[in-house]
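1. Let me see the structure of the following:
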Amino acid sequence: MTYLISAESLADQGADCLFDCSFSLADAEAGRALFERGHIPGAVYVDLNLDLSEPPDHRGRHPMPDRETFAQRMRAVGVNQDSKIVCYDQDTGAFAARLWWMLRWLGHGSVYLLDGGRAAWEQAGLALTTDITDLEAGNFEAREPLTRLCDASELPDANRVLLDARDERRFRGIEDPIDPVAGHIPGAICATFTGNLAEGRFLDARALRQRFESLGVLGDTVCYCGSGVTATHNILALLEAGFDEPALYPDSWSGWITDPSRPIAWD
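-> Here you go, the predicted model:
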């Protein structure tokens, strides 16, 4: 099974719900501005800060909303029980993967990520629009999760592979331009999410499997990142590679460091 869809397939098959998740951690308004300048026809904008997270707290920079609150948000933007959903962002899928994962967290299996995002759509010669889609409330209800979560109390764990999706400089504690403390959770392996990509698209399943096996992924795996966003990119890649469903530590590094008693590693 694949969780990816190409721009050409999306243009041919369409989707019941199409969500633009474009965002920039450096400028919270940049994603919406990009959407307003032009988006894939039929798309609705979903904001990482406002729609996919609660305000920052002890759980980090992008705390998860509770399941029912998020289900209500999905109903409000037209999601039905049987909707085929496609998520995309400006290019890598780093932000769209968060929505992809959250919908699976609510038990919705028919959700896909546009491989290469808006950039791939344009590269395929397909038109953008500035038209705004009229919305009717859907009938979506949360069901049994298709995903797994991991709590801070379960980490570190020598019996689990712990993958950190951030870049190596943040992981190694050299610098962190986003969070006040650099470093990583002891025992973690640096698995920068961009390593899942080549020329903006996901590697094929075989190459992804080789990547993760070379990092030591063999059994139970937990994924984290800075705030529970790009970790979902690794989860999608692991599933594409044929691994069992990994767990997400949603608070991730920005939540881990709110408790000074938790250990920090630099290497």
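
2. Ignoring the adjacent residues along the chain, who's closest to residue 48?
-> residue 23 (4.5 Å; CB to CB, 6 or more residues apart in numbering). To be clear about C-beta, it is placed using only N, CA and C from the backbone, and glycine gets the same treatment.

3. residue contacts, the one you found?
-> By CB atoms under 8 Å, 6 or more residues apart in numbering, the residues touching residue 23 are 30, 31, 47, 48, 49, 89, 95.

4. Tell me who's in contact with the second one.
-> Think residue 31. 20, 21, 22, 23, 24, 45, 47, 48, 89, 90, 95.

5. Burial check on the first one, number of neighbours?
-> Just to be clear, that refers to residue 20. 27 (other CB atoms under 10 Å).

6. So the nearest residue to residue 47 once chain neighbours are set aside versus residue 24, what's the distance?
-> Excluding the flanking residues, the one nearest residue 47 by CB to CB, 6+ apart is residue 32, at 6.6 Å. From residue 32 over to residue 24 the distance is 10 Å, taken as CB to CB, to the nearest Å.

7. any idea whether the closest residue to residue 131 other than its chain neighbours is helix, strand or coil?
-> The shortest distance from residue 131 to any non-neighbouring residue, by CB to CB, 6+ apart, is to residue 41 (7.0 Å). Assigned by DSSP: H, G, I helix; E, B strand; the rest coil, the conformation of residue 41 is coil.

8. Flag the shaky bits of the stretch 151-267 of the chain, pLDDT-wise.
-> Applying pLDDT under 70 to the stretch 151-267 of the chain flags no residue at all.

9. can you map out the helices along the stretch 151-267 of the chain?
-> 168-171, 205-214, 231-240, 252-256 (DSSP state H, counting those that start in this stretch).

10. Show me what counts as buried in the shortest one.
-> Under the neighbour-count criterion of 16 or more other CB atoms under 10 Å, helix 168-171 has 170, 171 buried.

11. Now that helix - C-alpha only, CSV.
-> Extracted C-alpha coordinates of helix 168-171, given in CSV (Å, rounded to 0.1, in the frame of the first residue of the first chain):
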residue,chain,number,x,y,z
GLU,A,168,22.3,17.1,12.4
ARG,A,169,23.4,20.4,13.8
ARG,A,170,20.4,20.7,16.1
PHE,A,171,20.7,17.0,17.0
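
12. what's in contact with it?
-> Contacts of helix 168-171 (CB under 8 Å, 6+ apart): 164, 175-176, 178-179, 182-184, 188, 190, 192, 226, 253.
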